[in-house]
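Asker: Have a look at this fold, sequence not included:
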């Protein structure tokens, strides 16, 4: 899909899964100016950092929690991949861009 800003800037958005959003995750939210998603991710990261390294002692329970968190992170990355391009389109429309067409291959 092609979008044009009031200033004439043209942005191309791919339809479907966003591999960039999948691999880069929350950084994509910053690059694509989807501030709400970026803010949520930064708040969660800040809370994790605030807990400090003393919050986790080596045990099988800690390993299970870390594996569960890794699984949640993978799900988050899949979520970003599925919705990344949709978030970009919504952000462009909020900023005054209008859809001008679709690029043919």
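Answerer: Sure thing, it's come through. Here the structure is a predicted model, which means the values were calculated and not measured. Residues are numbered from 1 along each chain as shown.
Asker: I'd like the mean pLDDT over the host helix or strand of residue 99, please.
Answerer: Residue 99 belongs to strand 98-101 when assigned by DSSP states H and E. Across strand 98-101, pLDDT averages out at 92.
Asker: Wasn't residue 69 part of a helix?
Answerer: Yes - looking at residue 69 with DSSP: H, G, I helix; E, B strand; the rest coil, it is inside a helix.
Asker: coming back round to it: can you point out the buried residues in the strand holding residue 99?
Answerer: Buried residues in strand 98-101, counted by 16 or more other CB atoms under 10 Å: none are found. From N, CA and C alone the C-beta is placed, and that goes for glycine too.
Asker: quick one: strands adjacent to it?
Answerer: Take DSSP bridges as the rule and strand 98-101 pairs in its sheet with strand 2-4 (antiparallel).
Asker: Other residues contacting the next helix or strand after the strand it pairs with?
Answerer: Next helix or strand after strand 2-4 toward the C-terminus (DSSP H and E): strand 10-12. Residues outside strand 10-12 that contact it (CB atoms under 8 Å, 6 or more residues apart in numbering) are 1-5, 92, 97, 100, 103.
Asker: Check which residues of strand 10-12 are buried.
Answerer: residue 11.
Asker: what do you get for stretch 92-105?
Answerer: Buried-residue list, stretch 92-105, by 16+ other CB under 10 Å: 92, 97.
Asker: when you give positions from now on, start the count at 41
Answerer: Yep, numbering from 41; the last one is stretch 132-145 now.
Asker: From the chain's centroid, how far away is it?
Answerer: 20 Å (CA atoms, centre = their mean, to the nearest Å).
Asker: Run through this protein and note the low-pLDDT ranges.
Answerer: Applying pLDDT under 70 to the chain picks out residues 65-75, 77-78, 89-99, 145.
Asker: make it 80
Answerer: Applying pLDDT under 80 to the chain flags the ranges 65-82, 84-103, 105-106, 109, 143-145.
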